[in-house]
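In: what follows is a predicted structure for the sequence shown.
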Amino acid sequence: MDELLTRNFCIIAHVDHGKTTLSDRLLEYTNTISKRVLTAQHLDSMDLEKERGITIKSHPVTMMYRAKDGREYKLNLMDTPGHVDFSYEVSRSLAACEGAVLLIDAAQGVEAQTVANAHLAFSQQLKVIPVINKIDLPSANLELCTKQLEDILTIPAEEAILASGKSGIGIEDILEAVVARVPPPRWREYAQTRILVFDSLYDAYRGCIAYVRVFSGSIKANDMMLLMSTNQKAEVKEVGTFTPKMEKCAVLHAGDVGYVVSSIKDPSEVKTGDTITIASKPAQEMLPGYKEVRPMVFCGLYPLESDDYEKLKAGLGRLQLNDAAFVYSSESSLALGFGFRCGFLGLLHMEIIQERIRREHDVEIISTYPSVIYKIVKQGGEVLEVDNPVNFPDPGTIIETLEPTITASIILPNDSMGDILALIMEKRGVCEHTDTLDMNRVMLRCVLPLNEILVDFNDRLKSITHGYGSMDYELGAYKADDLVKMDIMINGDPVDAFSCIVHRSKAEAKGRQLCEKLAEIIPPQMFKVAIQAAIGGKVIARDNVKEMRKDVTSKCYGGDISRKRKLLDKQKEGKKKMKMIGKVNIPPDAFIKVLKSG
Ligand code: GTP
């Protein structure tokens, strides 16, 4: 087929602006999938995705479309994840395209991820087609949306297409715009084969399947391919396209989107963003934009029942096969037993993995407090990267502590401004720039420590703005600040699961809160037990567990010694199940209760 009749495009939008619904309509209109087979939201294959309404993995699909000019076009559509945690995946999906359909919910208008995604598309030199979606809604405000397009995104209002994925309005207009406005495949003239890996999937039988966009040259079964980031060679077993199910074909040409199955079994060797070339005639330069993705957020995951350890291990292993951005290694904790240290791209990524472990692998788990990667400069100039408080060095040896920051763009209604600025300050952030978007909304650009947005920032933003605020962020530089490791000690012994790295100004409040909670949850003990929060051995907060001698034999009047012994034995057995921290007996679920209460 003439490669000039191919169009590669993606749909980008803020979460919930209707990407999946619109993609389904396009598939239906082009008869790629008949209406009967098309269950609602066909492209979201994972159950969890359906339930949460979040697209996690990008699913490409090839459609054939006879345009009004009488010619038949091959349209390759990428469905991209909308959430910030997956922005690298979004950027690679965009790199595989020449155009982007930018959806804007007619009732919500431009939101933070609309702006972020549009800028990503502009930076990849994609042709952006603005679509104002959900115009069937009574609350649709077309005038506001077109004005925002011009003011915020500098896209001329007359380029906008009005549509509704739900009622099927504007579908043909969108397809015609894709054909007319999106340019044919770029970089075809490059002398050697260059193929972008924009995603991958693990299949138990076939090994690792790379999702690819061929830029120049071609690839077919039996070729010897070369992965350029690692210089690794592998034999191509099969190539094919997405219809949307995988369908084998003889060869993938320049401009095509499809998949490559090779002799590589280990999914970590096929990296998103890598360039595949042909080993016998290799390309000289990789396609631009390759980046090693690194997990940014870490926490410990432990099985609630220690018998589930192996099950958890197997589950994590299986999840990692389809998600190279997720990493784990074993660790053990005095309080929680054996478990795993896990690394994620961000908070949402962490939540999704935890949920999938619970659901798909049927293991109840508890996670420790999330942490970021701190850099610690020691005397002599050595720089440690610490993602686990356990590895925080002795304060006496530290010269400087640095933490990662983010630059956040927050869009919010004017009347929430005061409360949001207070929240940013509380989270040690600095607001650098304020832009008025329209009569009712402003956009703030601020720098915040990544650690501070991990726990409840987004929830509080949503609650302060009654759901109207939205945020997007990109990682920024490391900044020096006064960071310390805080230990929680029970009767003088530190409890590892509660150690955390905090800003000195926040240590006391956090320490007090944890001590109070533990004192409340740990049952009365035979002797007085102190619970203390300490920095480098110096106590900054304390509380006490109540003291009580529980005489289990007191109910036994008279001298029945055998009954007394039985009761004492029973109490002993009960004690065995408890955790021993120093001399203190603690029910195993006490730590879990504290961790769960946030
Ligand atoms: P993410 O994958 O989470 O980014 O969502 P999405 O952008 O794929 O949105 P999705 O298609 O899942 O739609 C989100 C919600 O909006 C669903 O409840 C849809 O039923 C609804 N919706 C989508 N398109 C339309 C539309 O044209 N009109 C109306 N009224 N509702 C729509």
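Out: Looks like it came in fine.
In: make it CA atoms for all contacts and neighbour counts henceforth
Out: OK.
In: verify the contact between Glu516 and Asp543 for me.
Out: Yes: at 6.2 Å, Glu516 counts as touching Asp543 under the criterion of C-alpha atoms under 8 Å.
In: so how many other residues sit close to the nearest residue to Lys462 once chain neighbours are set aside?
Out: If the residues on either side of it in the chain are set aside, Lys462 comes closest to Gly469, at 5.8 Å by C-alpha to C-alpha, 6 or more residues apart in numbering. As a burial measure, Gly469 scores 23 neighbours (other C-alpha atoms under 10 Å).
In: so what's Gly469 scoring on pLDDT?
Out: We have a pLDDT of 85 for Gly469.
In: now do the contacts for it.
Out: Residues near Gly469 by C-alpha atoms under 8 Å, 6 or more residues apart in numbering: Ile410, Ile411, Leu412, Pro413, Leu461, Lys462.
In: what strands line up against the helix or strand harbouring Ile376, and which way round?
Out: Take DSSP states H and E as the rule and Ile376 turns out to sit in strand 374-378. Here strand 374-378 has these sheet partners by DSSP bridges: strand 383-386 (antiparallel), strand 398-413 (antiparallel).
In: and the residue nearest to Lys462, how far is that from the ligand?
Out: 16 Å (C-alpha to the nearest ligand atom, to the nearest Å).
In: also Val178?
Out: In terms of C-alpha to the nearest ligand atom, Val178 sits 19 Å off from the ligand.
In: for Gly240, same thing?
Out: Gly240 is 26 Å from the ligand, by C-alpha to the nearest ligand atom.
In: that's a strand at that residue, yeah?
Out: Yes: assessed by DSSP: H, G, I helix; E, B strand; the rest coil, Gly240 belongs to a strand.
In: contact partners for it?
Out: Met246, Glu247, Lys248, Cys249, Ala250, Val251, Leu252, Gly258, Tyr259, Val260.
In: got JSON lines for these, with neighbour count too?
Out: Formatted as JSON lines, those follow (neighbours: other C-alpha atoms under 10 Å):
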{"residue": "Met246", "neighbour count": "13"}
{"residue": "Glu247", "neighbour count": "13"}
{"residue": "Lys248", "neighbour count": "14"}
{"residue": "Cys249", "neighbour count": "14"}
{"residue": "Ala250", "neighbour count": "11"}
{"residue": "Val251", "neighbour count": "15"}
{"residue": "Leu252", "neighbour count": "23"}
{"residue": "Gly258", "neighbour count": "27"}
{"residue": "Tyr259", "neighbour count": "27"}
{"residue": "Val260", "neighbour count": "22"}
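In: burial count for Glu310?
Out: 12.
In: element containing it, please.
Out: With DSSP H and E as criterion, Glu310 is part of helix 309-321.
In: and that helix, what does it pack onto?
Out: strand 297-303, helix 347-360 (3 or more C-alpha pairs under 8 Å, 6 or more residues apart in numbering; DSSP states H and E).
In: for Asp435, give me the backbone phi and psi.
Out: phi -120, psi 130 (degrees, to the nearest 10).
In: and the strands in the stretch 201-350 of the chain?
Out: Applying DSSP state E, counting those that start in this stretch to the stretch 201-350 of the chain gives strands spanning 207-216, 218-220, 224-227, 232-242, 246-249, 251-253, 257-262, 275-278, 297-303, 327-333, 337-344.
In: spell out which residues make up each domain of this protein.
Out: Recorded structural domains for the chain (assignment: the TED database) are 3-181, 194-278, 297-368, 374-481, 485-597.
In: of all those, which one is nearest Lys291?
Out: domain 194-278 (6.7 Å; C-alpha to C-alpha).
In: quick one on the thing from earlier: can you say which of the helices and strands packed on helix 309-321 is packed in most?
Out: Mean neighbours per residue, mean count of other C-alpha atoms under 10 Å, is largest over the helices and strands packed on helix 309-321 for strand 297-303, with a mean of 24.
In: can you list contacts of it?
Out: Outside strand 297-303, the residues touching it (C-alpha under 8 Å, 6+ apart) are 309, 312, 331, 336-347, 350, 363-373, 387-388.
In: now swap in stretch 10-18 and tell me
Out: 19, 23, 53-54, 77-80, 82-83, 93-94, 97, 99-105, 111-114, 117-118, 133-134, 165.
In: so how far is it off the chain centroid?
Out: 16 Å (C-alpha atoms, centre = their mean, to the nearest Å).
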